[in-house]
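**Student:** after the sequence you'll find the predicted model.
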Amino acid sequence: MRQIILCIATILTVSSAAAEGLRLEAGYGVCKAQKAQDGTWYQDGYEHHLKLQDQCGELGIAYDTPIRNVRLAARYVSLGQFSTHAIANADDNDDASRRGQVYADNRRPECAANFAADCLYQWNGSGGVKGALFAVGWEPVQVGPVRLGVEAGMFFYKARWREVITPIDCPANSCWQMQIDQRTSWKHAPEFALTARWDWLYAAVRRYELRMPGGTTDPTAPSQAPGITTGFRGPIYQFVAGVSYKF
(Lines give C-alpha, C1' and ligand atoms only; values in the text may rest on other atoms or scores of the structure.)
Protein backbone atom coordinates (compact mmCIF):
# COMPACT_ATOMS: atom_id res chain seq x y z
CA MET A 1 0.00 0.00 0.00
CA ARG A 2 2.82 2.43 0.86
CA GLN A 3 4.50 1.83 -2.50
CA ILE A 4 1.24 2.57 -4.33
CA ILE A 5 0.68 5.84 -2.45
CA LEU A 6 4.26 6.92 -3.15
CA CYS A 7 3.89 6.21 -6.87
CA ILE A 8 0.67 8.22 -7.13
CA ALA A 9 2.18 11.08 -5.09
CA THR A 10 5.22 11.18 -7.39
CA ILE A 11 3.07 11.44 -10.51
CA LEU A 12 0.99 14.14 -8.84
CA THR A 13 4.13 16.15 -8.01
CA VAL A 14 5.65 15.83 -11.49
CA SER A 15 2.37 16.87 -13.11
CA SER A 16 1.75 19.86 -10.84
CA ALA A 17 3.43 22.21 -13.31
CA ALA A 18 0.71 21.35 -15.83
CA ALA A 19 -2.21 21.29 -13.42
CA GLU A 20 -4.64 22.53 -16.06
CA GLY A 21 -4.68 18.99 -17.48
CA LEU A 22 -4.81 17.12 -14.18
CA ARG A 23 -7.91 15.24 -13.01
CA LEU A 24 -8.83 13.40 -9.83
CA GLU A 25 -10.88 10.30 -10.67
CA ALA A 26 -12.98 7.95 -8.56
CA GLY A 27 -14.96 5.03 -9.95
CA TYR A 28 -17.22 2.25 -8.69
CA GLY A 29 -18.61 -0.78 -10.44
CA VAL A 30 -18.61 -4.56 -10.75
CA CYS A 31 -15.75 -7.00 -11.24
CA LYS A 32 -16.09 -10.54 -12.57
CA ALA A 33 -13.43 -13.27 -12.31
CA GLN A 34 -13.24 -16.68 -13.94
CA LYS A 35 -13.74 -19.88 -11.98
CA ALA A 36 -10.77 -22.05 -11.13
CA GLN A 37 -10.66 -25.60 -12.43
CA ASP A 38 -12.60 -28.43 -10.81
CA GLY A 39 -10.75 -29.64 -7.72
CA THR A 40 -9.47 -26.19 -6.74
CA TRP A 41 -11.23 -25.94 -3.37
CA TYR A 42 -14.43 -27.35 -4.92
CA GLN A 43 -15.47 -30.47 -6.84
CA ASP A 44 -18.19 -30.65 -9.46
CA GLY A 45 -19.45 -33.93 -8.04
CA TYR A 46 -20.36 -32.34 -4.70
CA GLU A 47 -22.45 -29.35 -3.59
CA HIS A 48 -20.69 -26.01 -4.10
CA HIS A 49 -21.36 -22.30 -4.57
CA LEU A 50 -18.88 -19.98 -6.30
CA LYS A 51 -19.09 -16.21 -5.92
CA LEU A 52 -17.05 -14.77 -8.78
CA GLN A 53 -18.63 -11.31 -9.05
CA ASP A 54 -18.39 -8.44 -6.59
CA GLN A 55 -18.46 -4.66 -6.24
CA CYS A 56 -15.11 -3.02 -6.91
CA GLY A 57 -13.61 0.44 -7.18
CA GLU A 58 -10.71 2.66 -8.12
CA LEU A 59 -9.18 5.99 -7.13
CA GLY A 60 -6.45 7.87 -8.93
CA ILE A 61 -5.29 10.73 -11.09
CA ALA A 62 -5.30 11.30 -14.85
CA TYR A 63 -3.37 13.81 -16.93
CA ASP A 64 -4.50 15.19 -20.30
CA THR A 65 -1.16 15.49 -22.08
CA PRO A 66 -0.31 18.13 -24.70
CA ILE A 67 -0.39 15.31 -27.25
CA ARG A 68 -3.84 15.38 -28.80
CA ASN A 69 -6.35 12.99 -27.16
CA VAL A 70 -3.66 11.16 -25.14
CA ARG A 71 -4.05 10.71 -21.37
CA LEU A 72 -1.87 9.23 -18.64
CA ALA A 73 -3.36 7.70 -15.51
CA ALA A 74 -2.31 6.17 -12.21
CA ARG A 75 -4.96 4.43 -10.10
CA TYR A 76 -5.32 2.38 -6.94
CA VAL A 77 -7.61 -0.52 -7.87
CA SER A 78 -9.51 -3.05 -5.78
CA LEU A 79 -10.96 -5.86 -7.90
CA GLY A 80 -13.40 -7.11 -5.28
CA GLN A 81 -13.74 -10.11 -3.00
CA PHE A 82 -14.46 -13.58 -4.41
CA SER A 83 -15.39 -16.72 -2.49
CA THR A 84 -16.11 -20.44 -2.70
CA HIS A 85 -18.26 -22.56 -0.40
CA ALA A 86 -18.14 -26.28 -1.02
CA ILE A 87 -18.51 -29.73 0.41
CA ALA A 88 -15.54 -31.58 -1.06
CA ASN A 89 -13.46 -34.69 -0.58
CA ALA A 90 -9.92 -34.54 0.80
CA ASP A 91 -8.33 -36.57 -1.96
CA ASP A 92 -5.27 -38.56 -0.99
CA ASN A 93 -2.18 -36.54 -2.02
CA ASP A 94 -4.53 -34.20 -3.89
CA ASP A 95 -5.05 -36.97 -6.46
CA ALA A 96 -8.71 -37.23 -7.56
CA SER A 97 -8.09 -40.63 -9.17
CA ARG A 98 -7.56 -42.12 -5.69
CA ARG A 99 -10.91 -40.82 -4.40
CA GLY A 100 -12.76 -43.68 -2.68
CA GLN A 101 -9.78 -46.05 -2.95
CA VAL A 102 -8.04 -45.12 0.29
CA TYR A 103 -11.22 -45.56 2.35
CA ALA A 104 -14.65 -46.58 1.17
CA ASP A 105 -16.44 -44.36 3.74
CA ASN A 106 -15.57 -40.65 3.45
CA ARG A 107 -17.80 -39.77 6.43
CA ARG A 108 -16.33 -42.26 8.91
CA PRO A 109 -15.74 -41.11 12.55
CA GLU A 110 -12.06 -40.46 11.87
CA CYS A 111 -13.07 -37.61 9.53
CA ALA A 112 -14.75 -35.70 12.35
CA ALA A 113 -11.86 -36.25 14.76
CA ASN A 114 -9.08 -34.80 12.57
CA PHE A 115 -8.12 -34.02 8.99
CA ALA A 116 -7.63 -37.29 7.11
CA ALA A 117 -7.35 -38.51 3.54
CA ASP A 118 -10.47 -39.50 1.61
CA CYS A 119 -12.83 -37.62 3.94
CA LEU A 120 -15.66 -35.24 3.17
CA TYR A 121 -15.34 -31.71 4.62
CA GLN A 122 -16.78 -28.21 4.39
CA TRP A 123 -14.40 -25.86 2.52
CA ASN A 124 -14.96 -22.10 2.74
CA GLY A 125 -12.56 -19.77 0.94
CA SER A 126 -12.34 -16.09 0.07
CA GLY A 127 -9.85 -13.64 -1.35
CA GLY A 128 -9.20 -10.91 -3.87
CA VAL A 129 -6.76 -8.68 -5.71
CA LYS A 130 -5.59 -5.11 -5.04
CA GLY A 131 -2.91 -3.03 -6.69
CA ALA A 132 -1.84 -0.04 -8.77
CA LEU A 133 -2.60 0.52 -12.44
CA PHE A 134 -0.43 2.75 -14.65
CA ALA A 135 -2.04 3.33 -18.04
CA VAL A 136 -2.01 5.31 -21.28
CA GLY A 137 -5.33 6.23 -22.90
CA TRP A 138 -6.17 7.47 -26.39
CA GLU A 139 -9.56 9.06 -27.15
CA PRO A 140 -9.68 9.66 -30.92
CA VAL A 141 -13.46 9.46 -31.44
CA GLN A 142 -16.02 12.06 -30.43
CA VAL A 143 -19.76 11.42 -30.62
CA GLY A 144 -21.57 14.58 -29.57
CA PRO A 145 -20.18 15.53 -26.13
CA VAL A 146 -18.81 12.02 -25.48
CA ARG A 147 -15.22 11.01 -26.21
CA LEU A 148 -14.56 7.32 -26.89
CA GLY A 149 -11.19 5.67 -26.64
CA VAL A 150 -8.95 2.77 -25.70
CA GLU A 151 -6.49 2.24 -22.87
CA ALA A 152 -3.52 -0.03 -22.18
CA GLY A 153 -1.58 -0.31 -18.97
CA MET A 154 0.36 -2.42 -16.51
CA PHE A 155 -1.26 -3.57 -13.26
CA PHE A 156 1.01 -4.22 -10.26
CA TYR A 157 -0.90 -6.27 -7.70
CA LYS A 158 -0.98 -8.61 -4.74
CA ALA A 159 -3.49 -11.45 -4.46
CA ARG A 160 -4.60 -13.24 -1.33
CA TRP A 161 -6.71 -16.28 -0.45
CA ARG A 162 -7.92 -17.75 2.86
CA GLU A 163 -9.37 -21.25 3.11
CA VAL A 164 -11.12 -22.61 6.21
CA ILE A 165 -11.78 -26.36 6.43
CA THR A 166 -14.18 -27.86 8.98
CA PRO A 167 -15.74 -31.32 9.44
CA ILE A 168 -19.38 -31.76 8.48
CA ASP A 169 -20.03 -34.45 11.12
CA CYS A 170 -18.82 -33.84 14.67
CA PRO A 171 -20.22 -33.62 18.21
CA ALA A 172 -21.54 -30.22 19.32
CA ASN A 173 -18.92 -27.69 20.48
CA SER A 174 -16.02 -30.00 19.59
CA CYS A 175 -15.44 -29.19 15.93
CA TRP A 176 -11.90 -28.40 14.83
CA GLN A 177 -10.98 -26.20 11.91
CA MET A 178 -7.97 -25.75 9.67
CA GLN A 179 -7.16 -22.30 8.26
CA ILE A 180 -4.82 -21.71 5.33
CA ASP A 181 -3.68 -18.16 4.48
CA GLN A 182 -1.94 -17.45 1.18
CA ARG A 183 -0.60 -14.22 -0.30
CA THR A 184 1.50 -13.44 -3.36
CA SER A 185 4.44 -11.08 -3.58
CA TRP A 186 4.08 -8.18 -6.04
CA LYS A 187 3.03 -9.43 -9.49
CA HIS A 188 2.23 -7.60 -12.69
CA ALA A 189 -0.19 -8.12 -15.56
CA PRO A 190 -1.30 -6.13 -18.63
CA GLU A 191 -4.61 -4.25 -18.72
CA PHE A 192 -6.73 -3.27 -21.74
CA ALA A 193 -9.87 -1.14 -21.79
CA LEU A 194 -12.56 0.63 -23.77
CA THR A 195 -13.39 4.04 -22.31
CA ALA A 196 -15.99 6.79 -22.61
CA ARG A 197 -15.81 10.28 -21.10
CA TRP A 198 -18.25 13.17 -20.96
CA ASP A 199 -17.26 16.33 -19.12
CA TRP A 200 -16.77 15.20 -15.48
CA LEU A 201 -18.18 11.67 -15.92
CA TYR A 202 -16.46 8.57 -17.29
CA ALA A 203 -17.08 4.87 -17.83
CA ALA A 204 -14.83 1.97 -18.78
CA VAL A 205 -14.78 -1.76 -19.44
CA ARG A 206 -11.39 -3.15 -18.44
CA ARG A 207 -9.76 -6.54 -18.78
CA TYR A 208 -6.95 -7.48 -16.38
CA GLU A 209 -4.89 -10.36 -17.75
CA LEU A 210 -4.12 -11.92 -14.39
CA ARG A 211 -2.62 -15.39 -14.40
CA MET A 212 -2.81 -16.61 -10.84
CA PRO A 213 0.35 -18.50 -9.83
CA GLY A 214 -0.64 -22.06 -9.03
CA GLY A 215 0.22 -23.79 -5.78
CA THR A 216 -1.39 -26.86 -4.29
CA THR A 217 -4.84 -27.57 -2.86
CA ASP A 218 -3.41 -30.09 -0.40
CA PRO A 219 -3.69 -28.45 3.08
CA THR A 220 -0.95 -30.70 4.45
CA ALA A 221 1.60 -29.53 1.86
CA PRO A 222 4.52 -27.39 3.08
CA SER A 223 3.66 -23.70 3.41
CA GLN A 224 6.54 -22.80 1.11
CA ALA A 225 4.83 -24.47 -1.86
CA PRO A 226 5.35 -22.16 -4.89
CA GLY A 227 2.57 -19.72 -5.75
CA ILE A 228 -0.87 -19.65 -4.21
CA THR A 229 -4.03 -21.55 -5.08
CA THR A 230 -7.11 -19.33 -5.32
CA GLY A 231 -10.74 -20.17 -5.98
CA PHE A 232 -10.76 -17.77 -8.95
CA ARG A 233 -8.53 -16.93 -11.89
CA GLY A 234 -8.08 -14.30 -14.57
CA PRO A 235 -8.84 -12.58 -16.73
CA ILE A 236 -10.84 -10.31 -14.44
CA TYR A 237 -13.29 -7.91 -16.09
CA GLN A 238 -14.11 -4.55 -14.53
CA PHE A 239 -17.20 -2.54 -15.44
CA VAL A 240 -16.83 0.87 -13.83
CA ALA A 241 -18.41 4.35 -13.88
CA GLY A 242 -17.12 7.37 -12.06
CA VAL A 243 -16.44 11.07 -11.73
CA SER A 244 -13.45 12.97 -13.07
CA TYR A 245 -12.76 16.29 -11.34
CA LYS A 246 -10.49 18.68 -13.23
CA PHE A 247 -8.17 20.84 -11.11
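**Tutor:** Now that the structure is in, tell me what you want to look at.
**Student:** tell me what Y157 is bridged to.
**Tutor:** Judged by DSSP bridges, the bridge partners of Y157 are G131, K187.
**Student:** ok, now which ones touch it?
**Tutor:** 77, 79, 129-132, 186-189, 210 (C-beta atoms under 8 Å, 6 or more residues apart in numbering). Every C-beta, even on glycine, is put in place using the N, C-alpha and C of the backbone.
**Student:** from those residues, which would you call buried?
**Tutor:** For the contacts of Y157, a neighbour count by 16 or more other C-beta atoms under 10 Å gives the buried set as 77, 79, 129-132, 187, 189, 210.
**Student:** follow-up on the earlier one: looking at the contacts of Y157, which is nearest K35?
**Tutor:** L210 (13.6 Å; C-beta to C-beta).
**Student:** list the contacts of that closest one.
**Tutor:** Neighbours of L210 in contact, by C-beta under 8 Å, 6+ apart: 129, 155, 157, 159, 187, 189, 233-236.
**Student:** now for the residues you listed: which two are most distant?
**Tutor:** Most distant of the contacts of L210, by C-beta to C-beta, are F155 and R233, 15.0 Å apart.
**Student:** with neighbour numbers in mind, choose between these two.
**Tutor:** F155 (23 against 18; other C-beta atoms under 10 Å).
**Student:** just the ones in strands from the contacts of L210, please.
**Tutor:** 129, 155, 157, 159, 187, 189, 233-236 (DSSP state E).
**Student:** for the chain, where's the lowest mean pLDDT among helices and strands?
**Tutor:** Ranked by mean pLDDT, DSSP states H and E, the helix or strand of the chain with the weakest confidence is helix 2-15, at a mean of 51.
**Student:** burial check on the residue lying closest to Q53 once chain neighbours are set aside, number of neighbours?
**Tutor:** Nearest residue to Q53, sequence neighbours excluded (C-beta to C-beta, 6 or more residues apart in numbering): K32, at 4.7 Å. With neighbours defined by other C-beta under 10 Å, the count for K32 comes to 17.
**Student:** alright, calling it a day.
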